[in-house]
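> what's the 3D shape of this:
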Amino acid sequence: MTVKKKKIAWGITGSGDKIVETVNIMRELREKYKEEFDIRIYVSKAGDQVLKYYGLFKELEVEFDRTWVEVNANAPFLAGQIQLGQFELMLIAPATSNTVAKISLRIADSLLPNAAIMGQKAGTPIYILPSDFEEGVTVTKLPDGRDLELTIRKEDVEHVKKLANMDINILKTPEEIYDVFKKHAKK
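As a prediction, the model looks like this:
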């Protein structure tokens, strides 16, 4: 008897911050839970550029069975699949401040915000790892290893807080993804 795997929609946006750590964790989790979860990757247009910039796109295509790049807000048809309950959960990691703002303001004009909004309406658990969750200065790594200092503004943090108040699960670090998988694994 073949056990049907639970599907996870992993959305990748144009954030370079924490992308390497997130990809490494997702590789580990794919291997650990390969009998239980089918991880499907949905990449925004900007995410496509960032993954290529970091040299990660081809690796993800090879290592994960299914990878799609956004054509428009409904292609691939992720929102419909999520609304119909075909996914155990949706994870957007990492998420740009643009994606976070669109979801908090209910702007569904691109693939990942559209899918998250529709999933939330249908009761699908949504987990988001925002790149900008705390006001102040943060340092991220560029593909060549150099540091890049960024200032996170209160407006971006306010959108993250708004999502948390909308029952969207906010992750502060990539390591929290381990707990998401543990929570949704067989009891």
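
> Quick check: buried residues in the longest helix seen in the chain?
Across the chain, the longest stretch assigned as helix under DSSP state H is helix 19-32. Residues 19, 20, 21, 22, 23, 25, 26, 29, 30 are the ones in helix 19-32 that count as buried (16 or more other Cβ atoms under 10 Å). Every residue, glycine included, has its C-beta placed from N, CA and C.

> Repeat that for stretch 165-178.
Going by neighbour count (16+ other Cβ under 10 Å), the buried part of stretch 165-178 is 168, 169, 170, 171, 174, 177.

> Next up, the contacts around the residue most central in space within the chain.
Geometric centre of the chain, nearest residue: residue 92, 1.5 Å, by Cα atoms, centre = their mean. For residue 92, the contact set (Cβ atoms under 8 Å, 6 or more residues apart in numbering) comprises 10, 11, 12, 13, 99, 112, 116, 126, 127, 128, 129.

> and the end-to-end length of stretch 52-63?
Using Cα to Cα, to the nearest Å, the end-to-end distance of stretch 52-63 comes out at 15 Å.

> does residue 148 really touch residue 140, like I thought?
Yes - using Cβ atoms under 8 Å, residue 148 is in contact with residue 140, at 5.2 Å.

> Return the distance of the closest residue to residue 181 other than its chain neighbours relative to residue 177.
Among residues not flanking residue 181 along the chain, residue 29 sits closest, at 5.1 Å (Cβ to Cβ, 6 or more residues apart in numbering). From residue 29 across to residue 177, the span is 7 Å (Cβ to Cβ, to the nearest Å).

> Also residue 164?
17 Å.

> repeat for residue 40
Residue 40 is 15 Å from residue 177, by Cβ to Cβ.

> Same question for residue 124.
For residue 124 relative to residue 177 (Cβ to Cβ), the value is 17 Å.

> before we move on, what about residue 147?
Distance of residue 147 to residue 177, computed by Cβ to Cβ: 24 Å.

> and what of residue 11?
13 Å.

> can you list residues touching both of these two?
Common neighbours of residue 11 and residue 177 (Cβ under 8 Å, 6+ apart) are 91, 93.

> May I have the host helix or strand of residue 90 exported as PDB, CA atoms only?
For residue 90, the host element (DSSP states H and E) is strand 89-95. Provided in PDB are the C-alpha atoms of strand 89-95 (Å, rounded to 0.1, in the frame of the first residue of the first chain):
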ATOM      1  CA  LEU A  89       0.700  24.200   4.500                       C
ATOM      2  CA  MET A  90       2.300  27.000   2.700                       C
ATOM      3  CA  LEU A  91       5.800  28.300   3.600                       C
ATOM      4  CA  ILE A  92       7.100  31.600   2.100                       C
ATOM      5  CA  ALA A  93      10.800  31.700   3.100                       C
ATOM      6  CA  PRO A  94      12.400  34.000   2.800                       C
ATOM      7  CA  ALA A  95       9.800  36.700   2.100                       C
END
